[in-house]
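In: Okay, here's the prediction I keep looking at, along with the sequence it came from:
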Amino acid sequence: MHNHASPAPNADPGELGKFDAVAARFWDSHGEFRPLHLLNPVRARYIGARAALAGARLLDVGCGGGLLAEALATAGAHVTAIDLAPGMIEVARLHAAQSRLAIDYRLCDAQQLARAAPGAFDVVTCMEMLEHVPDPAAMVVTLAALVRPGGAVFVSTLNRNLRAFLQAILAGEYLLRLLPRGTPEYERLIRPAELARWARAAGLTLAELKGIELNPFTGRAALSADVAVNYLAHFARAESAR
């Protein structure tokens, strides 16, 4: 047994089980993942406008069923996408095969990949995963380790304030699922200042912060200056000293 040689993944088994259980319904754009289908084009356009995707080595951490990975692969990136929920990876692989997209899906821990391939990616994305891991600050360190000097990291999460909490509850099943299971645990939501501080400590510079507003009634999603609920952060890793 060599388990002692590999630290435990920065993951919550209960959270993984929750996503695994609904994996088969991930690509149903009218099901409980509908808000994610609405948010995805906005996120993909945001990333494509701020990072050169054609030919880029891109890693999507916590890829779920592959919604963002497919959009970024379609934009020309060479995508590796990882998740620890086996059902999600299986669904993602099947859908990519149907879509004839060559995406390297792996049932893999981000820390493990960072040790094996530090700085291997031009762009790293991590959408709505930080609020589900036991140590989000350590996950930001891992994201920074995976991106090359001069590369970009994109993170989305939910702000921790009363409005975000109430809006998540009112917007129904999918946004409830974004909140860690249980109470929901409001304390696990992440303020932009906290995320920026963790990133700075990991050697990343905050380039931009944008809100994403989703109207669950009209189905309209758009970028916004208001980061009170859902928000997207764009970080840059400094170039190496010459």
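Out: Received, thanks.

In: which stretches of the chain form helices?
Out: 13-21, 34-50, 67-74, 86-98, 110-116, 136-146, 162-170, 173-178, 192-201 (DSSP state H).

In: which of these has the lowest average pLDDT?
Out: Least confident of these, judged by mean pLDDT, is helix 173-178 with a mean of 51.

In: For residue 227, which non-adjacent residue is spatially closest?
Out: Leaving out its chain neighbours, the residue that sits closest to residue 227 by Cβ to Cβ, 6 or more residues apart in numbering is residue 211, at 4.3 Å. Every C-beta, even on glycine, is put in place using the N, C-alpha and C of the backbone.

In: who are the neighbours in contact with the one you found?
Out: 223, 224, 225, 226, 227, 228, 229, 230, 231, 232 (Cβ atoms under 8 Å, 6 or more residues apart in numbering).

In: now swap in residue 91 and tell me
Out: Per Cβ under 8 Å, 6+ apart, neighbours of residue 91: 23, 24, 26, 27, 65, 66.

In: Report the buried members of the contacts of residue 211.
Out: Among the contacts of residue 211, those buried by neighbour count (16 or more other Cβ atoms under 10 Å) are 223, 224, 227, 228, 229, 230, 231, 232.

In: I'd like to know which of these are part of strands.
Out: 223, 224, 230, 231, 232 (DSSP state E).

In: between these, which is nearest residue 127?
Out: For these, the closest approach to residue 127 (Cβ to Cβ) belongs to residue 232, at 8.6 Å.

In: can you list the residues that contact stretch 214-227?
Out: In contact with stretch 214-227 (Cβ under 8 Å, 6+ apart) are residues 34-35, 38-39, 41-42, 46, 159, 171-172, 192, 209-213, 230, 232.

In: For ChimeraX, write a command that selects the buried ones of those.
Out: Entered in ChimeraX, the line below selects the buried ones among the contacts of stretch 214-227, by 16+ other Cβ under 10 Å:
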select :34,35,38,39,42,46,159,171,192,209,210,211,212,213,230,232
